[in-house]
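Asks: Got a predicted structure here, sequence first:
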Amino acid sequence: MRWTRVAIALLLAAGLTGCGRPGEPVPWEVTEVGDAGPGRVQIRVTGGEAEEIWQVSDEGHNLGRAERARPMTASVSSCAGQLCYRVVTGLLRVETGGDAAGWTTAWQITGADYTQLAADYMPLGAPATHLSSTSVVVHEVAGGRHVVFVANGRDGLLHRSADGRWHRLGLPKGGEGWYFAEPPRLASEPPPADPSWVVAALVTALLLVAGAIPLAVRRAWHPRAVRLTAGTAVGGGLLSYAACHVPGAGMFPPEFYAVILVTAIVVTGLVVILNGIAHHTSAPR
């Protein structure tokens with residue numbers, strides 16, 4: 001029983017942080033985007049009475065807070081040569097074209113996607129004010145191509161890369177390096193693959209095998225050693241499942257912390273099992 005209690009205590013300590021929940025959504029929003037010189041733009045991020053100015057490269061990389069912000073004037077349209085982009089105020093929509101040629105939708109979030117996104121950002125306020133495209137900047141880049149930046153309120157910064165793909169970058173953050181906090185997944189996007197049960201099964205199987213091999217070699221299937229092995233393996237699997245759902249923090253994604261936690265759980269489980277087997281199989285029955 002002593003080794004069983006030790007196994008439970010150590011495994012709980014190793015996997016405890018896997019049970020944490022993400023924090024509440026940050027009530028900040030990107031309210032304006034403006035030119036910041038060659039190869040970069042600056043964005044205004046506001047939250048309540050606070051305000052920050054950040055710089056972003058044409059490649060969409062967060063360059064950190066601006067020490068000296070240029071004067072910004074929000075523009076609802078911007079052009080690269082003859083090609084222009086404009087935002088549709090009150091909506092998450094960007095159009096391309098021109099007054100003479102007409103305008104077509106280049107990017108938008110509407111319908112169920114917009115409704116779910118507004119719910120994800122609750123409390124939000126008026127969606128047309130806090131969840132809409134407000135300003136745009138277009139930069140020409142090498143090869144006759146261009147990039148586009150759009151201020152999208154609570155959804156953060158939108159970026160069209162030089163290859164024509166649109167990316168919801170989210171809100172800029174800093175502390176452990178400069179990065180963007182990823183925005184919520186859209187309702188129409190497929191859910192990411194969940195490897196939690198696979199990881200749990202693999203950890204359980206690994207710990208069972210790690211205990212079964214020395215027991216088989218010694219030909220000493222001591223009941224307490226068997227129970228310790230089985231209990232540790234099942235507990236390790238369940239805690240590994242919880243570790244796969246640990247939220248990310250700072251610039252590191254959830255996978256980074258999950259790998260560390262699962263590794264700690266496996267190592268702790270192996271130590272407990274092997275020491276427990278050595279203790280029970282060497283002691284008289």
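Replies: Noted; the coordinates are in hand.
Asks: Could you pull out the helices in the stretch 51-200 of the chain for me?
Replies: 111-120, 127-130, 196-218 (DSSP state H, counting those that start in this stretch).
Asks: Show the low-confidence segments of the stretch 1-150 of the chain, by residue range.
Replies: 1-26 (pLDDT under 70).
Asks: for A181, what are its contacts?
Replies: If you count contacts by CB atoms under 8 Å, 6 or more residues apart in numbering, A181 has them with 26, 156, 170-173. To be clear about C-beta, it is placed using only N, CA and C from the backbone, and glycine gets the same treatment.
Asks: Which residue ranges of the stretch 51-200 of the chain form strands?
Replies: Under the criterion DSSP state E, counting those that start in this stretch, the stretch 51-200 of the chain contains strands at 62-65, 77-80, 83-87, 92-98, 102-109, 135-141, 145-151, 157-160, 166-173, 179-181.
Asks: What's opposite K173 in the beta bridge?
Replies: Note on K173: beta-bridge partners Y179, judged by DSSP bridges.
Asks: is it true that it touches E182?
Replies: No: if you go by CB atoms under 8 Å, K173 and E182 don't touch, sitting 10.1 Å apart.
Asks: quick one: which of these two has more around it?
Replies: Neighbour count, other CB atoms under 10 Å: between K173 and E182, K173 has more, with 18 against 13.
Asks: Tell me how far that one lies from V137.
Replies: Computed as CB to CB, to the nearest Å, the K173 to V137 distance reads 21 Å.
Asks: Tell me how far the closest residue in space to A118 that isn't next to it in sequence lies from L63.
Replies: In space, A118 comes closest to P127 once its chain neighbours are excluded; the distance is 5.0 Å by CB to CB, 6 or more residues apart in numbering. Distance of P127 to L63, given as CB to CB: 30 Å.
Asks: Phi first, then psi, for the closest residue to E52 other than its chain neighbours.
Replies: Ranked by CB to CB, 6+ apart and with sequence neighbours excluded, the top spatial neighbour of E52 is V45, at 4.7 Å. Here is the backbone geometry of V45 (degrees, to the nearest 10): phi -120, psi 120.
Asks: Can you report how many residues lie near V45?
Replies: Neighbours of V45 (other CB under 10 Å): 21.
Asks: Identify the residues contacting it.
Replies: 28-31, 51-54, 171-172.
Asks: and which of those residues is nearest to L186?
Replies: Of all these, L186 sits closest to L171, with 16.5 Å by CB to CB.
Asks: What about that closest one, how many residues nearby?
Replies: Neighbour tally, L171, other CB under 10 Å: 23.
Asks: V141 now?
Replies: Considering only other CB under 10 Å, V141 is surrounded by 14 other residues.
Asks: cool, the one 3 residues further on as well?
Replies: Residues contacting G144 under the criterion other CB under 10 Å number 9.
Asks: do H61 as well
Replies: Each residue near H61 was counted by other CB under 10 Å, and the total is 15.
Asks: and if you look at G153?
Replies: Look at G153: counted by other CB under 10 Å, it has 22 neighbours.
Asks: do you know how far it is from A126?
Replies: According to CB to CB, G153 stands 10 Å off from A126.
Asks: Next: N275.
Replies: From N275 to A126 the distance is 61 Å (CB to CB).
Asks: Compare neighbour counts for the two and give me the winner.
Replies: More neighbours surround N275 than the other of N275 and A126, with 14 against 9 (other CB under 10 Å).
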